[in-house]
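> Need a 3D model of the sequence below.
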Amino acid sequence: IANTYYQASLVAERMGHWLLSRNYAEQAKVLYQELADERNVGKLLTNLGGLNLMLGDPEQAIEHLKASFSVALEVDSREDAAQAAGSLATVHLHLGDLEAAESHARHAIDLLEDREDYLHEIGPSQLVLGRAMLERGRLDEAEQWFRAADATFEQMSSVSHRASAWVALGDLATKRGDLAEAARLYRHAAEALQDVRF
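Residues are numbered from 1 along each chain as shown. Coordinates of the predicted model:
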């Protein structure tokens, strides 16, 4: 039953039904706690953190993600700890706490060093780190991380993820005053995401 609620939560999230997704995730978490399945409790806490951010409650998101990180350490799962740290970086970036965003993103990247099976976690953390650097005016470092994210997403063969890196590079070009390059990058991202090409 816990597994079913977990899957139902993921499906509802994909469909954009965040309140329903959170409800299913909370039900799954209670059942996993009854089973003493700490690994799945931790994963659900990460999911609940993301859902709470999307529902406009970043403080609750942080609470869930910190708890998820603690559980991941208890069950000795570097991968789950990295996912929680990367999600914390995203929340802190959203809140404008750039120092915390940088710290958590670096931690997530360090935890997954040389893990090619976790590129889907490494790339977003690199992108968040680049965004934190951009907002702090450290433009060369921002470029380094945006390009690293693009290379990671290229390994994943994910055009949509690469487009997010190109948009970030476009924002960097705008910050540098190179509007022509920014326009080129934005156009490149938009064209890559088109469903229909003539």
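
> Next secondary structure after whatever helix or strand residue 94 lives in?
In this assignment (DSSP states H and E), residue 94 forms part of helix 78-95. Following helix 78-95 in sequence order, the next helix or strand is helix 98-111 (DSSP H and E).

> For that following helix, name the packing helices and strands.
For helix 98-111, the elements it packs on are helix 78-95, helix 119-135, judged by 3 or more CB pairs under 8 Å, 6 or more residues apart in numbering; DSSP states H and E. C-beta here means a position set from N, CA and C on the backbone, and glycine is covered the same way.

> Sort out which residues of stretch 99-106 are buried, please.
100, 101, 102, 103, 104, 105, 106 (16 or more other CB atoms under 10 Å).

> Return the set of buried residues in the helix holding residue 94.
Within helix 78-95, the residues that count as buried by 16+ other CB under 10 Å are 80-93.

> likewise stretch 160-175?
Quick answer for stretch 160-175 (16+ other CB under 10 Å): 161-174.

> Identify the farthest-apart pair in those residues.
161 and 174 (20.7 Å; CB to CB).

> Show me the shaky parts of this structure.
195-198 (pLDDT under 70).

> Residue 59: neighbouring residues, count only.
Residue 59 has 10 neighbouring residues, counting by other CB atoms under 10 Å.

> likewise residue 141?
Neighbours of residue 141 (other CB under 10 Å): 16.

> I figured it hits residue 131, correct?
No: using CB atoms under 8 Å, residue 141 makes no contact with residue 131, being 11.2 Å away.

> shared neighbours of those two, which are they?
Common neighbours of residue 141 and residue 131, using CB atoms under 8 Å, 6 or more residues apart in numbering, do not exist here.
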